[in-house]
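Student: 3D model of this:
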Amino acid sequence: MKIKKYKYKLVTSTNDIAIKLIKNKNINAGFVLANKQKKGRGQRGKKWISYKGNLFVSIFYRIEKMNLSLTKLTIINAKLIIKMISNYYKRNIKIKMPNDILINKKKICGILQETIQKNKERYLIVGIGLNLIKSPKIKDYPTTNLYELTKRKISVNRISKELIFIYEQFLKTKNI
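Tutor: Presented below is the predicted three-dimensional model:
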């Protein structure tokens, strides 16, 4: 299954753009990438700090035909992102339910899942913020980034292609 790609320089949030695309177009699966977000958001309305050079993406796909609960999809999405991260760094990667990925007990990635319905079809939107080159300072919550861990700069373009490939393989197995 091919995922349709959309790239923006600046958005309010990639999840907001995904919602608009679902409502206004006929797409089974999409990938929204932005260089910067003005109002990135996390769980329970928390602000997501969007430093240029980090990854801000939302992947969306229809879930009507999947026999998976949202809880199971949450775990699957985290594991797909961990699979991509492990191409660069393999040690001490953990899921902190429901929406964080930690390396060495430090947050490297946040995931914001939302569902939306269009006609009779349900979609899952998976917003992903991955610290590639810079980590936000969060009170009482240590953070890290891939550059700090690997001493290698990883381009947003390269990591986006890998993420799309991983999701296309997953969706192919689910016949979406």
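Student: now stretch 52-72, how far from the centre of its chain.
Tutor: Relative to the centre of its chain, stretch 52-72 is centred 7 Å away, using CA atoms, centre = their mean, to the nearest Å.
Student: buried sites along it?
Tutor: For stretch 52-72, the neighbour count (16 or more other CB atoms under 10 Å) marks 53, 54, 55, 56, 57, 58, 59, 60, 61, 62, 63, 66 as buried. Where you see a C-beta, it was placed from the backbone N, CA and C, and this is true even at glycine.
Student: List just the nearest of those residues to residue 25.
Tutor: residue 60 (11.0 Å; CB to CB).
Student: re the thing from before, just send the buried residues of stretch 52-72 back as JSON lines, with secondary structure and distance to residue 33 too.
Tutor: Conversion of these to JSON lines gives the following (DSSP: H, G, I helix; E, B strand; the rest coil; distance: CB to CB, whole Å):
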{"residue": "53", "secondary structure": "coil", "distance to residue 33": "13"}
{"residue": "54", "secondary structure": "strand", "distance to residue 33": "12"}
{"residue": "55", "secondary structure": "strand", "distance to residue 33": "8"}
{"residue": "56", "secondary structure": "strand", "distance to residue 33": "7"}
{"residue": "57", "secondary structure": "strand", "distance to residue 33": "5"}
{"residue": "58", "secondary structure": "strand", "distance to residue 33": "8"}
{"residue": "59", "secondary structure": "strand", "distance to residue 33": "10"}
{"residue": "60", "secondary structure": "strand", "distance to residue 33": "12"}
{"residue": "61", "secondary structure": "strand", "distance to residue 33": "16"}
{"residue": "62", "secondary structure": "strand", "distance to residue 33": "20"}
{"residue": "63", "secondary structure": "coil", "distance to residue 33": "21"}
{"residue": "66", "secondary structure": "coil", "distance to residue 33": "24"}
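Student: now, among those residues, which is nearest to residue 129?
Tutor: When those are compared against residue 129 (criterion: CB to CB), the nearest one is residue 56, at 5.7 Å.
Student: isn't the closest one right up against residue 37?
Tutor: Yes. Residue 56 is within contact range of residue 37, at 5.2 Å (criterion: CB atoms under 8 Å).
Student: And the strands in the protein?
Tutor: 4-11, 29-37, 55-62, 93-96, 100-103, 106-118, 121-130 (DSSP state E).
Student: now the fifth one, how far from the centre of its chain.
Tutor: The chain centre lies 13 Å from the centre of strand 100-103; the measure is CA atoms, centre = their mean.
Student: For it, name the packing helices and strands.
Tutor: helix 70-85, strand 93-96, strand 106-118 (3 or more CB pairs under 8 Å, 6 or more residues apart in numbering; DSSP states H and E).
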